[in-house]
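Enquirer: based on what follows, work out the 3D shape:
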Amino acid sequence: MIRSDLTVEDARAGMKALAPSIEGYARLIVRTGAHVKPGQEVVVQAPVEAAPFARTLTAQAYEAGAGHVTVIWGDDALTRLEYENVETAYFETVPEWKRVQLDSLAEAGACFIFLEGSDPSALVGIDPAKPAAAGKARNMQCRRFRRGLDYNINPWCIAGVPTAAWAERVFPGIPGEVAVYRLWGAVLSAARADGEDPESSWELHNATFEKNLRFLNEHHFKELRYRAGNGTDFSVGLTDRHLWAGGCCETPDGHSFFPNMPTEEVFTSPDCETTEGIVYSAIPLIHHGNKVDRFWMRFEKGSVVDFGAEQGYETLRSILDTDEGARRLGEVALISKNTPIRESETLFYSTLYDENASCHLALGIGFAECYEGGYDMTVEELREHGVNSSSTHVDFMIGTDDLNITGVCDDGIEVPVFVNGQWGWE
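Expert: Numbers count the residues shown, from 1 in each chain. Okay, the predicted model is just below:
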């Protein structure tokens, strides 16, 4: 744990000491996260502020045998200028060159590494309809790219890389270099990359997923019932051929990879027609830079029929109005409160981290891998079997310290799954 009373000089010395761990983190993302194969095209999407780490990661990709690395840069300031000065209608269509770029890379069998380090405040005050339109267009119009990720055809990995703007939001009121150093410590710890052998740590970490997955898949619950002291009281049905997933994923041809670093969740796609009741948030949702806090949603017959938020109501409404499927659940994820991210008591202002601190749900598209035979089905066929279809997927956190989850078996027997925010057997 990095001290909170550091000077800038302490932080500079600390960053030098962290250099081997940061290089090891890049190696972990390449070899365990994306699991780059010899000769494979690697696509890295990164914020320009993270250029030094992107270069380190690129070097690690070539060392792992990558055939070629394509880096696609992002810039929060330029993105904001675009949203401020361009009409919403522009964002409803993806320019042809962008479609060709992403689709051709996916079709060529590339793996994708997404480095997350955006300024959580970058789009504050921007009409949420604009980034929502851009996201919907990309997900609907870059078809081969989206199918490659949604169906795990292309290996992919999202991992965090600290930037000054992000660090200063997580650790406000201290010098920027100190905040970046502290955030690097938190990121490395959350990703289990701060030890001597991160790759072995991830092998052990994956074994815990296998235990929880075995329990859930053997019970094959027909329904989960959630109760918490904040008012959460709802149930969600599971499909007849649902599968729980988590930890290591595989492409249809057996290529293993970890989509998220860090990850603590096991998840499945529910029957999107069955959710009933009310659910309250436990942790703020940061969506396109806008904060949604202290919010709730009421479901009937699987769809959100009412909602509210003390902060970020319009952003929440823009999510729900994306399309019909955006009002239904595509994911239920279970995460114990006994995890490094939750125990750090740090709000990262990043869904990649904050979702791994809490049981969560997701509005929008479900997962083909979470339905038996799903990889061989179309989106339309999956929807007929209860797996949600949408152009969006937005996680929101509901796991409180007193959350209880009960699994209901086909014969009506009820089994405690979570008791007071943790697995029933912890």
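Enquirer: what's in contact with stretch 379-387?
Expert: 237, 239-241, 269-274, 330, 366-368, 370-371, 374, 377, 389 (C-beta atoms under 8 Å, 6 or more residues apart in numbering). All C-beta atoms are positioned from the backbone trio N, CA, C, and that covers glycine.
Enquirer: can we see that at 7 Å?
Expert: 239, 269, 271-273, 366, 368, 371, 374, 389 (C-beta atoms under 7 Å, 6 or more residues apart in numbering).
Enquirer: got any ranges where the protein has weak pLDDT?
Expert: Residue ranges of the chain with pLDDT under 70: 1-4.
Enquirer: quick one: the strands in the stretch 251-400 of the chain, in order.
Expert: In the stretch 251-400 of the chain, the strands defined using DSSP state E, counting those that start in this stretch lie at 256-257, 260-261, 266-268, 276-280, 285-287, 290-300, 303-311, 329-334, 360-364, 393-397.
Enquirer: distance between the third one and the chain's centre?
Expert: Relative to the chain's own centre, strand 266-268 is displaced by 12 Å; criterion: C-alpha atoms, centre = their mean, to the nearest Å.
Enquirer: equivalent analysis for stretch 141-151, please.
Expert: So, by C-alpha atoms, centre = their mean, the centroid of stretch 141-151 is 17 Å from its chain's centroid.
Enquirer: in this structure, which residue is closest to the centre?
Expert: In the chain, the centroid-proximal residue (C-alpha atoms, centre = their mean) is L352; its distance is 4.3 Å.
Enquirer: ok, it touching P259?
Expert: No - between L352 and P259 there is no contact under C-beta atoms under 7 Å: 10.3 Å.
Enquirer: which residues do those two both contact?
Expert: Common neighbours of L352 and P259 (C-beta under 7 Å, 6+ apart) are I158.
Enquirer: give the bridge partners for M397, please.
Expert: In this entry, M397 is beta-bridged to H360, by DSSP bridges.
Enquirer: revised request: answer the last question for N404.
Expert: Beta-bridge pairing of N404 under DSSP bridges involves R227.
Enquirer: identify the residues contacting it.
Expert: 227, 418-420.
Enquirer: just R342 next, same as before
Expert: Applying C-beta under 7 Å, 6+ apart, one finds that R342 lies in contact with 357-358.
Enquirer: what's the closest non-adjacent residue to D103?
Expert: Distances taken as C-beta to C-beta, 6 or more residues apart in numbering put R144 closest to D103, at 4.1 Å, once the chain neighbours are dropped.
Enquirer: hang on, I meant P252
Expert: Closest to P252 by C-beta to C-beta, 6+ apart is Y375, at 5.2 Å.
Enquirer: what's the answer for T315, then?
Expert: In space, T315 is closest to N290, 4.3 Å off (C-beta to C-beta, 6+ apart).
Enquirer: try E324
Expert: S390 (7.7 Å).
Enquirer: how close does the one you found sit to R317?
Expert: As judged by C-beta to C-beta, to the nearest Å, S390 and R317 stand 16 Å apart.
Enquirer: more neighbours: those two, which one.
Expert: S390 (25 against 14; other C-beta atoms under 10 Å).
Enquirer: next one: phi and psi at the more buried one?
Expert: phi -170, psi 170 (degrees, to the nearest 10).
Enquirer: on that earlier part again, for the nearest residue to the residue nearest to the centre of the chain once chain neighbours are set aside, give the beta-bridge partners.
Expert: Distance criterion C-beta to C-beta, 6+ apart; nearest residue to L352, sequence neighbours excluded, is E116 at 5.2 Å. Beta bridges link E116 to G160, judged by DSSP bridges.
Enquirer: E116 touches T163, doesn't it?
Expert: No - with contact defined as C-beta under 7 Å, E116 does not reach T163; the gap is 9.7 Å.
Enquirer: picking that back up, for burial, what's the neighbour tally of the residue nearest to T315?
Expert: 22.
Enquirer: ok, now how distant is it from F267?
Expert: 25 Å.
Enquirer: next one: E63
Expert: 32 Å.
Enquirer: neighbour count: the two, which is higher?
Expert: The neighbour comparison of E63 against F267 (other C-beta under 10 Å) goes to F267, with 27 against 13.
Enquirer: so that one makes contact with L243?
Expert: No - taking contacts as C-beta under 7 Å, F267 lies outside contact range of L243: 10.1 Å.
Enquirer: list the contacts of stretch 186-202.
Expert: For stretch 186-202, using C-beta under 7 Å, 6+ apart, the contacting residues are 21, 24-25, 28, 31-32, 159-160, 162, 205, 261-262, 340-341, 344, 346, 353.
Enquirer: run the last query once more with 6 Å
Expert: 21, 24-25, 28, 32, 160, 162, 261-262, 340-341, 346 (C-beta atoms under 6 Å, 6 or more residues apart in numbering).
Enquirer: repeat for stretch 140-159
Expert: For stretch 140-159, the external contacting residues (C-beta under 6 Å, 6+ apart) are 29, 33-35, 94, 99, 102-103, 106-107, 111-114, 116, 139, 249, 251, 255, 257, 259-261, 352, 368-369, 375, 391.
Enquirer: next, the buried residues of that stretch.
Expert: 141-142, 144-159 (16 or more other C-beta atoms under 10 Å).
Enquirer: burial count for the spatially closest residue to F295 that is not a sequence neighbour?
Expert: Ranked by C-beta to C-beta, 6+ apart and with sequence neighbours excluded, the top spatial neighbour of F295 is A309, at 3.6 Å. Using other C-beta under 10 Å, A309 is surrounded by 20 other residues.
Enquirer: and the gap between A309 and S318?
Expert: 12 Å.
Enquirer: circling back to that earlier point, of all the strands of the stretch 251-400 of the chain, which one comes closest to N85?
Expert: Closest to N85 of these, according to C-beta to C-beta: strand 290-300, at 18.8 Å.
Enquirer: what angle do the closest one and strand 303-311 make?
Expert: 150 degrees (axes from the mean of the first three to the mean of the last three C-alpha atoms, to 10 degrees).
Enquirer: distance from the helix or strand hosting E168 to the middle of the chain?
Expert: Element membership for E168 (DSSP states H and E) is helix 164-170. In this view, helix 164-170 has its centroid 19 Å away from the chain centroid, taken as C-alpha atoms, centre = their mean.
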